[in-house]
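1. Need coordinates for the below:
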Amino acid sequence: MGPLKTLNRVIHKIADKTMFWIVGDDSTYIYNVSWEDPRIDHTVLTTNGAPDYEDHDHVITIASAGCNAFDYLIKGSKVTAVDFNFAQIALSEIKARACMDLNFDEYFSIFAKNNMELFRQRYKEIIRGHCSEKTQKFWDKKLKKMTSIMYSGTSGWLAYLVCRVLMPVLGLKFIQKTVAVQNDHQAFQDECTKHKRRINVFCWLVDKLISNAGFALMAGVPSRQLELGLHRNDNFQTVFRRLLTTQMTEDNYFYYGYIAGEYTEQCCPLYLKREAYPKLKKALENNRLNLFHGTLVDVCKPEPPADLFHMGGITPETKFTIASLLDHMDWMPPSMINEEFHWLEQRMDLSRGRCFWRSFSEGVHSAPLVWLKPVKVNDETDRVAMYWSTWVAPFNGSIKHHLRTTNWSTTQTKPQTLYSQLMTGVRIVTFPFIKSWVARSVKAKHGEAMTEHGSKIEAFYQSQKDDYDAFRESFLHARPVLAECLPLKSQPGKMVWVDVGGGTARNLEFFSPKTLQEMFSKIVVVDISPSLLEVARSRVEKAGLSDIVECVCVDFIDANAIKDKLPKAGTVDIVTFSYSLSMIPDKAGALKSAVSLLKPKGEGVLGVADFFFGGGKRASHGLGDADGVTNILSRIYCEITRLWFKQDGVILLKRGMFDGVRDKLDFESVPDEHFRKRVPLLPILRPWHGVVMAPTK
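-> Residues are numbered from 1 along each chain as shown. Next comes the predicted model:
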């Protein structure tokens with residue numbers, strides 16, 4: 001990693017910490033305008049393309065600035081809006097209370113024309129008394145210094161910087177003149193064509209400010225989401241080209257508001273339209289809006305805390321028909337997506353449930369979302385123009401999102417001390433020097449039934465079996481990620497799982513015994529080490545899973561043994577290699593054996609968690625070779641890491657190792673997960689860990 005990349009990484013870390021501090025601090029909001037086009041939602045989510053939602057529809061969504069929640073209300077749905085940043089809830093509540101207390105002209109003057117004097121006056125006289133106590137405290141302080149609603153919040157500050165500072169400095173005053181003063185969209189397009197070079201410089205600079213200088217935090221975009229688009233080098237240029245196809249002066253209120261500093265009655269969100277105002281007021285007066293300060297997980301639990309509702313409330317029987325999740329899953333790892341979907345599952349009407357989201361990625365960006373089989377939405381008319389894909393999927397219970405676990409209560413793992421860490425480390429480091437002698441003794445003990453490779457593996461692990469799990473908890477970091485990425489299908493007949501190189505059966509502990517009993521009819525833990533399987537059998541027996549879990553000692557590249565001892569070919573739902581493929585000499589043979597077991601036509605899934613030579617194209621933002629190595633220094637570091645692991649018989653995986661089964665497996669449909677972590681007792685080494693998922697073709 002070069003100095004510029006290191007600096008960029010540091011900037012992103014600081015920006016992330018700052019953004020999440022703002023979100024958790026509750027002193028200000030990020031969004032003064034909801035930055036998703038609700039028109040796209042309505043074309044997809046209303047029944048059979050109807051103009052409005054059905055009366056029994058109930059949308060759960062992120063509150064943001066309240067704009068889109070109000071859109072859903074106007075269109076006939078009930079809404080539960082949730083936000084972790086209380087300031088967003090306070091903004092949504094003040095808009096809702098003001099709607100119930102004011103006539104349209106006053107409301108429009110405040111929230112479209114930034115009439116702060118009227119806002120302060122009416123807040124003090126009427127609105128304040130109807131707000132929740134915490135919202136009162138927020139606006140008592142906020143309104144004293146507030147000069148504009150349009151340029152409030154961190155996104156508003158960023159908009160002011162771009163529209164009122166950056167544009168004039170770069171000679172782009174014509175944008176404000178043609179859009180806000182002349183109100184002439186054709187003139188705007190003509191001027192942009194005339195000053196194309198200036199526009200390109202402006203777009204390039206905005207791209208750099210957002211992508212490299214940390215300004216993305218002001219727009220509420222953390223680095224994990226930003227990284228989904230860093231392989232594209234012209235993001236804002238593309239956004240600007242899309243904007244030219246929208247009607248900036250009469251319809252695209254997202255950008256008009258920031259350019260002009262206010263809305264017009266023609267160009268504004270739906271809730272600020274005179275004809276929609278009575279519908280919004282009626283919906284609010286009929287208590288069809290719930291505002292909840294917390295997370296989607298919090299509100300979906302059986303009895304969410306009543307004091308966190310600032311408007312309305314829900315009962316244990318409340319069911320949602322639509323989960324409109326905006327773009328917030330872009331920055332979630334698989335574990336957070338699974339947790340959120342687990343609790344949503346408890347609250348969704350599974351006969352009618354639908355899930356809708358946007359992404360900065362061109363494709364589905366995380367494995368748990370892939371298993372929902374989402375459909376890409378035609379979003380060419382999206383006025384925000386900042387999302388690269390929009391998705392809708394049924395929420396019907398076909399995929400279960402059981403919470404993953406860390407361990408079972410029946411398993412007693414020896415606590416890892418510094419001494420035990422050092423001793424295990426010494427055994428690993430010294431093993432190459434005594435490998436041949438120990439392997440021969442193992443071979444003599446087990447006879448011809450054990451292969452040469454098997455004797456080496458058994459020799460390596462027989463002295464480590466008691467400390468195996470404890471030591472590797474701080475070493476094999478992709479194991480829990482693999483568990484989060486595995487699909488749990490609700491299907492006729494339970495699933496079958498073969499865990500290759502499963503060793504002590506530790507991988508099973510990422511699922512509760514109840515989940516394993518419910519979802520699987522058979523689990524086969526395959527390993528070539530009798531010592532590790534001895535630990536596995538004890539673990540499985542104590543957990544009461546012996547009826548569904550079988551521990552089999554077999555060489556996974558032995559076709560005859562596989563045929564005799566493992567499930568029939570084409571009957572297995574999941575085959576996993578968790579830090580085992582890198583230790584199998586014949587990797588191509590092992591992968592072919594896995595494919596032979598899996599169900600065909602997308603019903604079977606291969607999952608691999610292991611050490612990798614590089615971070616792949618996703619981690620390198622599309623640069624470098626197939627393994628994501630971008631320069632000579634990175635290659636030297638990766639080679640040193642490879643040689644260090646090789647001494648223990650661990651061969652770092654490269655993308656080319658999967659070429660032999662690419663005709664049978666779809667490696668493109670499920671995004672990889674890659675990250676770096678330090679090696680215990682040797683922090684200078686930070687190998688790449690990765691998870692690769694591939695359904696059958």
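2. and Thr61, that's in a strand?
-> Yes - residue state for Thr61 (DSSP: H, G, I helix; E, B strand; the rest coil) corresponds to a strand.
3. right, and it touches Leu325 too?
-> Yes - with contact defined as C-beta atoms under 8 Å, Thr61 counts as touching Leu325 (7.3 Å). Heads up, the C-betas are built off the backbone N, CA and C, glycines and all.
4. quick one, which of the two is more surrounded?
-> Thr61 (26 against 22; other C-beta atoms under 10 Å).
5. Please name the nearest non-neighbouring residue to the more buried one.
-> Leaving aside its sequence neighbours, Thr61 sits nearest to Ser324 (C-beta to C-beta, 6 or more residues apart in numbering; 4.1 Å).
6. Contact partners for that neighbour?
-> Listed by C-beta atoms under 8 Å, 6 or more residues apart in numbering, the contact partners of Ser324 are 41, 45, 59-62, 68, 72, 356-357.
7. Bridged to it, which residues?
-> Thr61, Phe356 (DSSP bridges).
8. ends of stretch 488-505, how far apart?
-> Start-to-end span of stretch 488-505 (C-alpha to C-alpha, to the nearest Å) is 18 Å.
9. What is the burial count for Val496?
-> 23.
10. elements contacting the helix or strand harbouring it?
-> For Val496, the host element (DSSP states H and E) is strand 495-500. Packing partners of strand 495-500 (3 or more C-beta pairs under 8 Å, 6 or more residues apart in numbering; DSSP states H and E): strand 520-527, strand 574-578, helix 587-597.
11. can you do 6 Å?
-> For strand 495-500, the packing partners by 3 or more C-beta pairs under 6 Å, 6 or more residues apart in numbering; DSSP states H and E come out as strand 520-527, strand 574-578.
12. Run me through the strand neighbours of the shortest one, direction for each.
-> Same thing as strand 574-578. strand 495-500 (parallel), strand 605-612 (parallel).
13. Tell me what angle it forms with helix 587-597.
-> Interaxial angle of strand 574-578 relative to helix 587-597 (axes from the mean of the first three to the mean of the last three C-alpha atoms, to 10 degrees): 150 degrees.
14. do the same with the longest one
-> Calculated by the same axes, to 10 degrees, strand 520-527 forms an angle of 160 degrees with helix 587-597.
15. same for strand 520-527, what does it pack against?
-> strand 495-500, strand 549-553.
16. Just the CA atoms of that strand, as CSV, please.
-> Taking Å, rounded to 0.1, in the frame of the first residue of the first chain, the C-alpha atoms of strand 520-527 are listed here in CSV:
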residue,chain,number,x,y,z
PHE,A,520,-30.8,-29.3,8.2
SER,A,521,-31.6,-33.0,7.8
LYS,A,522,-27.9,-33.9,7.6
ILE,A,523,-24.6,-32.3,8.3
VAL,A,524,-21.4,-34.1,7.4
VAL,A,525,-18.1,-32.8,9.0
VAL,A,526,-15.3,-34.1,6.8
ASP,A,527,-11.7,-34.1,7.8
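17. Helices along the stretch 51-200 of the chain, start to end?
-> 67-74, 86-101, 104-111, 116-122, 133-145, 153-160, 167-169, 173-176, 185-194, 196-211 (DSSP state H, counting those that start in this stretch).
18. now swap in the stretch 451-600 of the chain and tell me
-> 452-461, 468-472, 479-485, 513-519, 530-542, 559-565, 587-597.
19. deepest of those helices, which one?
-> Among the helices of the stretch 451-600 of the chain, ranked by average contacts under mean count of other C-beta atoms under 10 Å, first place goes to helix 479-485 (a mean of 23).
20. contacting residues around that one?
-> Helix 479-485 is contacted by residues 334-335, 338, 367, 404, 510, 578, 607, 609, 673, 691, 693 when judged by C-beta atoms under 6 Å, 6 or more residues apart in numbering.
21. Next one: the closest residue to Thr411 other than its chain neighbours relative to Leu325, how far apart?
-> Counting by C-beta to C-beta, 6+ apart, Thr411 lies nearest to Arg539, which is 5.6 Å off, once chain neighbours are set aside. Taking C-beta to C-beta, to the nearest Å as the measure, Arg539 falls 37 Å from Leu325.
22. Would you map the strands across the stretch 201-350 of the chain?
-> Applying DSSP state E, counting those that start in this stretch to the stretch 201-350 of the chain gives strands spanning 289-293, 309-311, 322-324.
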